[in-house]
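Novice: Provide a 3D model corresponding to the input given below.
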Amino acid sequence: MPANRAGYTVTIFLVDVSPSMGKLRTVELPPGPNGEERTREFTRLEWVLEFVMLKVQEMIFHGRKTEQCGVILFGTEYTQNVVNENNGGYDHVTEFIPIGQPNAQTMTKIKSIKPSTAIGDPIDSLIVGIETQARYLAKKPTWTRRMVLLTDAENPMEIEDWETTVKKMNDLEIQTSIIGVDFDDEYMPFYEENKPMIKRTNEEFYQRFSEGLNECVMGTAAFALQDCSKPDIKTVKSTLMDSRLRIGDVDTRPEEAIELHIKTSKCTAISRPPSMKKYAKRQRQGDSTNVDGEDVYTLLAQKTQYVVERDEEERPDGVHTHVEESQDEGNGDMVEKEDLVRGYKYGASFVPLDAEEEFQRLEPKPGIDICGFFPARNFRRDWSMGEVHYVWGDNKSAREQVAFSSIVQAMSEKQVMAIARWAGRSDPKMGVMMPRVLDDIDCFLWVQVPFADDLRKFTFRSLDQLVSKKGEVVTKHAHLPTDEQMKAMETFVDAMDLMHAGDKDENGNRIPWFDPVQTYNPAVHRIKQALFHGAITSDLSKNPLPPPHPDLTKYFDPPPRVLKRAHDAIKDCKSLFKVKQAPPKTVKRRKDGHVPGEEDDGDILALAAPVAPRENPVVPSSSLKASPKKPDQMEVDSATDVESDEEYSTIVNKPGPSVSLNNQPVLDAVTPAKPEEQAQPQGVLPTPARSPSPASPPIDAGRALGRIIGNISPLEDFRRNIKEGDVVTQAVHDLGEVIKEVITKPFSSRRHPEMLECLKDLRNVALHEDEISAWNAFLRDLKDACLNQTPNNQEFWAEIQSIGRPMSLISSKEAKKLGGKSDVTEGTAVDFIEEEE
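Specialist: Next up, the predicted model:
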């Protein structure tokens, strides 16, 4: 049998269209949205044609010219086939679709197949299929031949000399599939009750027929349709590409260098979900002839136009006319693509270069250059990037093959890998070459790796060691695990071992539960299944998408054996670590209208953080007159206190003035505490805390969590942060939030002059530091908050209007003077500050 290759296959579908295939049947569908039971009624022929269309769609999806198919019907009222034309006989067999590469018209023709009133012989259709396939592949003997017979086996058939047909099919090495409607299948399992005698007899014949073939499978249509949704990996035969392998400098020191001819090919290829196209609903015209009232969608095509923008145009009389936003589309000169010149940004300006003046590109020397070697044990698996490539010796030179093989075997013996630079058609890439000594051939595996600058290294605090501010090592603390907790966690990790959680092999030993070869990408295969199903279904409400194949979801849930084995270990860990279910979060709308997302884990992560002052610390205990503790000691709960997690969340999560320490508000903490509240529990150890960095801003109880601008002295904070640099964007954003919070609070009129000064500084920084879009967005929100929201501050907006244009939006004219860019015209900026909403 010829080797299986991607494509180079001709498949002929033999479809029974006899009257019995027109009988209706009912199939159960997945439950509806509300759990209601749903069923679908269709004919047997429609059912098996779904299998044919799914297989044809797969060929269209692959897009290979060498993957072709044809359709032959038996049981038609007329006769049209090559055997009948030459020798007669073989009636009621029709070559419905000639062999060729399938396309959209092929799908349309298959959908049009209907049951007939005549009866055809399936053996005749097999003989016609063999002859049709043989004539088409007369000059292509290496192609793979496949036949798929679909029938309900409820009609009489001629079975004399069927052994001759089997021998011919074995000689031609035809791969055959026999799919029957409601055939008994032990793999489903399915057994039809009250089966007609003629169907039982024919099914037994098909069983003998399939056993006589060298390559044949037989099953029921339900299993075949389920198997169509099974994830499959697209196999591609990579083309061998010529290249060169170099060790050393072959140009300047050829006597010390080696250069070999090699071949490269792909080992793996990235599979991505099919790209989606955008459609838009077409608006109905007044004279539309669409009487059905159905929505019509049209494909959105991308169109690129080049326009030279003009913020304002000068009329002949010298008067400048402002251009409104609604007129921006036509306010510019159209430029053809051929008139464009490539430019490179240099500071705030662009340097244009003609095609003849382009920077000269350094052309790399094609090939693979080995730059060095390193021990294979030092290579980390997570360094592999992208696709893997094979590197083979040249198959045309035995001498170079021996030299190439010696390099591979030497590296394999020394257990080293090579750092190699690959220059091909695209930009050069750095990677590693791993030696592979196979049974029949030696080769390298090349894969791209990142540079040292591309790797991010994160440092975390020690989980088993605490050091106080005095430098003393703390051995017992609520944050340090005990020996009992360590043992419980080790037991829990061992109980989750998946290496012996799978099925038993032939020797009765448990195999690993997870097999990387049997894992599939749901995004690729589920979308593919949805596309295929949508193409063959006219009404998705009546025939919804079936559930995914079990092979696609088998690794979604942990194995029951492991869950059962780890049950006691989980229970012990919950008890020792005092694990509690987190209380549900109450989503509160902020003053700026932002609502946190449901999947925001910020608070959950904050609960696990140690209680230590940060960039925005709580008032330290040294400033609280009610606490006699030293500044480097902060009172914490003991390891036996169940309420410790709640206090952490109180300290970390509540922003601004509502932050509390030991369940007391910060602003009220200056009041002397009661004696019983000052009593420290026995056995409590001090929590090691980091002292604030010298570069940290002064403590400000009015600064919200995560902000660098406080509500007490916002202008000073803003100027100090701008002077330090690198935090301009956050400073601009935080000052805008502070301004909106201050002016919407009661009795804010006494701070209006201060806020106006903040606005002036904020606009000036935004204009000079390229934060123009942030200023424009903030000013629109501020206007809406002053005029439309509750509470509002119309008096403050009137003061802004009294200043006039210098306090309005930043227009494109202003931005261009400093090398910036804005989407606001000068006329819009003037109208914005003058209009009343």
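Novice: Which pLDDT does the model give the residue nearest the centre of the chain?
Specialist: By Cα atoms, centre = their mean, the mean C-alpha position of the chain lies nearest to Ala523, the distance being 7.3 Å. Reported pLDDT at Ala523 in the predicted model: 87.
Novice: and the closest residue to it other than its chain neighbours, how many neighbours?
Specialist: Distances taken as Cβ to Cβ, 6 or more residues apart in numbering place Pro273 nearest to Ala523, at 5.0 Å, with adjacent residues excluded. Heads up, the C-betas are built off the backbone N, CA and C, glycines and all. For Pro273, the neighbour count with other Cβ atoms under 10 Å is 14.
Novice: and the gap between Pro273 and Phe532?
Specialist: Look at Pro273 and Phe532: by Cβ to Cβ, to the nearest Å, they are 13 Å apart.
Novice: that older thread, which SS state does the residue nearest to Ala523 fall under?
Specialist: coil (DSSP: H, G, I helix; E, B strand; the rest coil).
Novice: still on that earlier bit, could you say which helix or strand holds the residue nearest to the centre of the chain?
Specialist: Using DSSP states H and E, Ala523 maps to helix 522-536.
Novice: In that helix, which residues are buried?
Specialist: Across helix 522-536, burial judged by 16 or more other Cβ atoms under 10 Å covers Val524, His525, Arg526, Lys528, Gln529, Phe532, His533, Ala535, Ile536.
Novice: Most widely separated two among those residues?
Specialist: The distance between the two most remote of the buried residues of helix 522-536 (Cβ to Cβ) is 19.6 Å, for Val524 and Ile536.
Novice: where along the stretch 301-450 of the chain do the helices fall?
Specialist: Assigned by DSSP state H, counting those that start in this stretch, the stretch 301-450 of the chain shows helices spanning 398-414.
Novice: Now do stretch 536-553, average pLDDT.
Specialist: 85.
Novice: Glu165 should be in a strand, yeah?
Specialist: Residue 165: Thr, not Glu. No: assignment of Thr165 by three-state DSSP gives helix, placing it outside any strand.
Novice: Tell me who's in contact with it.
Specialist: By Cβ atoms under 8 Å, 6 or more residues apart in numbering, the residues touching Thr165 are Ile123, Leu126, Ile127, Ile130.
Novice: so the closest residue to the last one other than its chain neighbours, which of the three states?
Specialist: Leaving aside its sequence neighbours, Ile130 sits nearest to Lys168 (Cβ to Cβ, 6+ apart; 6.1 Å). What three-state DSSP gives for Lys168 is helix.
Novice: Asp734 is in contact with Ile708, isn't it?
Specialist: Yes: counting by Cβ atoms under 8 Å, Asp734 touches Ile708, with 5.7 Å between them.
Novice: what stretches of the stretch 651-800 of the chain score poorly on pLDDT?
Specialist: Residue ranges of the stretch 651-800 of the chain with pLDDT under 70: 651-702.
Novice: Kindly recompute the last result at 50.
Specialist: For the stretch 651-800 of the chain, residues meeting the criterion pLDDT under 50 lie at 651-699, 701.
Novice: try the chain
Specialist: For the chain (pLDDT under 50), the answer is 1-3, 289, 291, 313-329, 598-699, 701.
Novice: packing partners for the biggest helix by length in it?
Specialist: Ranked by residue count, the top helix of the chain under DSSP state H comes out as helix 44-62. With contacts defined as 3 or more Cβ pairs under 8 Å, 6 or more residues apart in numbering; DSSP states H and E, helix 44-62 has these neighbours: strand 9-16, strand 24-29, strand 67-74, helix 104-111, strand 144-151, helix 221-228, helix 522-536.
Novice: Going by neighbour count, list what's buried in that helix.
Specialist: Residues of helix 44-62 classed as buried: 44-60 (neighbour count, 16+ other Cβ under 10 Å).
Novice: same thing with stretch 804-819?
Specialist: Met807, Ser808, Leu809, Ile810, Ser811, Ser812, Glu814, Ala815.
Novice: Quick check: nearest residue in space to Gly804, chain neighbours excluded?
Specialist: For Gly804, ignoring the flanking residues on the chain, the nearest one in space by Cβ to Cβ, 6+ apart is Ile833 at 6.4 Å.
Novice: State the distance from that neighbour to Ser243.
Specialist: According to Cβ to Cβ, Ile833 stands 66 Å off from Ser243.
Novice: What of Val408?
Specialist: Val408 sits 16 Å away from Ser243, going by Cβ to Cβ.
Novice: want to throw the contacts of Thr165 into a markdown table with secondary structure and neighbour count?
Specialist: What follows is these, written out as a markdown table (DSSP: H, G, I helix; E, B strand; the rest coil; neighbours: other Cβ atoms under 10 Å):
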| residue | secondary structure | neighbour count |
| --- | --- | --- |
| Ile123 | helix | 20 |
| Leu126 | helix | 25 |
| Ile127 | helix | 19 |
| Ile130 | helix | 19 |
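Novice: Can you list phi and psi of Ser541 for me?
Specialist: Per-residue torsions, Ser541: phi -70, psi -30 (degrees, to the nearest 10).
Novice: Can you get me a residue count around it?
Specialist: Residues near Ser541, counting by other Cβ under 10 Å, number 8.
Novice: picking that back up, put together a markdown table for the contacts of Thr165, with distance to Lys263 on each row.
Specialist: Shown next, in a markdown table, are these (distance: Cβ to Cβ, whole Å):
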| residue | distance to Lys263 |
| --- | --- |
| Ile123 | 48 |
| Leu126 | 43 |
| Ile127 | 45 |
| Ile130 | 39 |
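Novice: wait, which of those residues is closest to Ile72?
Specialist: Leu126 (9.2 Å).
Novice: Verify the stated contact: Ser271 with Val524.
Specialist: Yes: under the criterion of Cβ under 8 Å, Ser271 makes contact with Val524 at 5.5 Å.
Novice: any chance of the helices and strands packed on helix 44-62 in a markdown table, plus distance to Pro98?
Specialist: Putting the helices and strands packed on helix 44-62 into a markdown table (distance: least, Cβ to Cβ, whole Å) gives the following:
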| stretch | distance to Pro98 |
| --- | --- |
| strand 9-16 | 10 |
| strand 24-29 | 31 |
| strand 67-74 | 6 |
| helix 104-111 | 10 |
| strand 144-151 | 16 |
| helix 221-228 | 24 |
| helix 522-536 | 22 |
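Novice: Of all these, which one is nearest Ala495?
Specialist: With Cβ to Cβ, the closest approach to Ala495 among the helices and strands packed on helix 44-62 belongs to helix 522-536: 27.7 Å.
Novice: Pull the distance from the closest one to the chain's centre.
Specialist: Offset of helix 522-536 from its chain centre (Cα atoms, centre = their mean, to the nearest Å): 16 Å.
Novice: do the same with stretch 264-272
Specialist: Between the centre of stretch 264-272 and the centre of its chain there are 19 Å (Cα atoms, centre = their mean).
Novice: what do you get for stretch 11-21?
Specialist: Its chain's C-alpha centre and that of stretch 11-21 lie 41 Å apart, by Cα atoms, centre = their mean.
Novice: Can you give me the buried ones in it?
Specialist: Buried, per 16+ other Cβ under 10 Å, within stretch 11-21: Thr11, Ile12, Phe13, Leu14, Val15, Asp16, Val17, Ser18, Ser20, Met21.
Novice: which SS class is the residue nearest to Gly347 when sequence neighbours are not counted?
Specialist: Once flanking residues are discounted, Gly347 sits nearest to Gly819: 7.2 Å by Cβ to Cβ, 6+ apart. Here Gly819 takes the coil state, with states given by three-state DSSP.
Novice: show me the contacts for Gly819.
Specialist: Taking Cβ under 8 Å, 6+ apart, we find Gly819 in contact with Gly347, Ala348, Ser349, Asp770.
Novice: Please apply the same query to Tyr344.
Specialist: Phe350, Val351, Leu353.
Novice: again, only using 6 Å
Specialist: Taking Cβ atoms under 6 Å, 6 or more residues apart in numbering, we find Tyr344 in contact with Val351.
Novice: again with Ser748
Specialist: Val742.
Novice: so how far is Ala582 from it?
Specialist: Distance, Ser748 to Ala582, using Cβ to Cβ: 37 Å.
Novice: measure stretch 84-101 end to end?
Specialist: End-to-end span of stretch 84-101 (Cα to Cα, to the nearest Å): 25 Å.
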